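*Asks:* could you work out the structure for the sequence below:
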Amino acid sequence: MIFAVVDDSRSQAEIIKALLRSEGYHVEIFSEGKACIEALGMRSFDFFIIDWDLPDIGGDEVLRYIREHCGWDVPVVFCTGRTEEDSAADILHQGADDYMPKPIRYMEFMARIHALLRRLRPSTEILRYGSVEIDLEGRRISMAGTDVDLTQREYDLALILLRNVGRVLSRDELLTSVWVREVGVDTRTVDTHASRLRKKLGLSGESGLMLSSVYGQGYRLDTVQQG
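*Replies:* Numbers count the residues shown, from 1 in each chain. Purely as a prediction, here's the structure:
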């Protein structure tokens, strides 16, 4: 799942990005509304988080474009300094799914994101990649029908890799996403956990998935033909 965060406050956007990446999501940041609209001409996003007051066009213009070109099933959440009741009502009437005033309370923010995502998927979601299955509700991973014993960090790393099959993820990106609130860890921690996942989940091809180290960049998980 790919999130688009449209906010000209870089610090705010980076915090939101770190929170979403810690849940295994891919995130792209736009500081202007027109840049987001231009990107939509080339690729799609699954979820939008938009500031109302942008430096070029209004967030409401971005919302209108999304509803006209992406439909009404794509979730859109507004985060804005406008706190008046009529402002909230206005943006919801225009098609936003939720509205959060700044400063954002991050635990509440993530709870609302999860609530919207639950509306989009069954209450028990099972993801399958090769012979690997992920029970998101139960935070369990199995291979060929057998539960695999993973630590919390191994599960988190596996989830972000599996949700980004085919993409190169840098060690720094993985470190920031999985160990976002921890200090005293470095990229060697990523390598250690990646090595463990290769063995536990058969990521050398046995499971239909191959975890490769991309020289000078990071890691990429790909689907492969099983012999």
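
*Asks:* Ser213 should be in a strand, yeah?
*Replies:* Yes. According to DSSP: H, G, I helix; E, B strand; the rest coil, Ser213 belongs to a strand.

*Asks:* separation between it and His26?
*Replies:* 20 Å (Cβ to Cβ, to the nearest Å). Yep, even glycine has a C-beta here, placed from its N, CA and C like the rest.

*Asks:* mind checking which of those two has more residues around it?
*Replies:* Applying other Cβ atoms under 10 Å to Ser213 and His26 shows that His26 carries more neighbours, namely 19 against 14.

*Asks:* middle-most residue in the protein, spatially?
*Replies:* Tyr25 (1.6 Å; Cα atoms, centre = their mean).

*Asks:* now do the helix or strand bottoming out on mean pLDDT in the chain: everything it contacts.
*Replies:* Sorting the helices and strands of the chain by mean pLDDT, DSSP states H and E puts helix 85-93 at the bottom, at a mean of 77. Residues outside helix 85-93 that contact it (Cβ atoms under 8 Å, 6 or more residues apart in numbering): Trp52, Gly59, Asp60, Leu63, Phe78, Thr80, Arg82, Asp98, Tyr99, Pro101.

*Asks:* now flag whichever of those residues is closest to Leu19.
*Replies:* When those are compared for distance to Leu19 (Cβ to Cβ), Asp98 wins out at 15.5 Å.

*Asks:* now that closest one, what are its backbone angles?
*Replies:* The phi/psi pair for Asp98 (degrees, to the nearest 10) reads phi -160, psi 170.

*Asks:* now do the helices in the protein.
*Replies:* 10-21, 33-40, 59-70, 85-93, 106-120, 152-162, 171-178, 187-201 (DSSP state H).

*Asks:* now for the fifth one, which elements pack on it?
*Replies:* Packing partners of helix 106-120 (3 or more Cβ pairs under 8 Å, 6 or more residues apart in numbering; DSSP states H and E): helix 10-21, strand 47-50, strand 76-80, strand 98-101.

*Asks:* check contacts around the residue nearest to Asp222 when sequence neighbours are not counted.
*Replies:* Distance criterion Cβ to Cβ, 6 or more residues apart in numbering; nearest residue to Asp222, sequence neighbours excluded, is Met210 at 5.1 Å. Going by Cβ under 8 Å, 6+ apart, Met210 touches Leu203, Ser204, Leu221, Asp222, Thr223, Val224.
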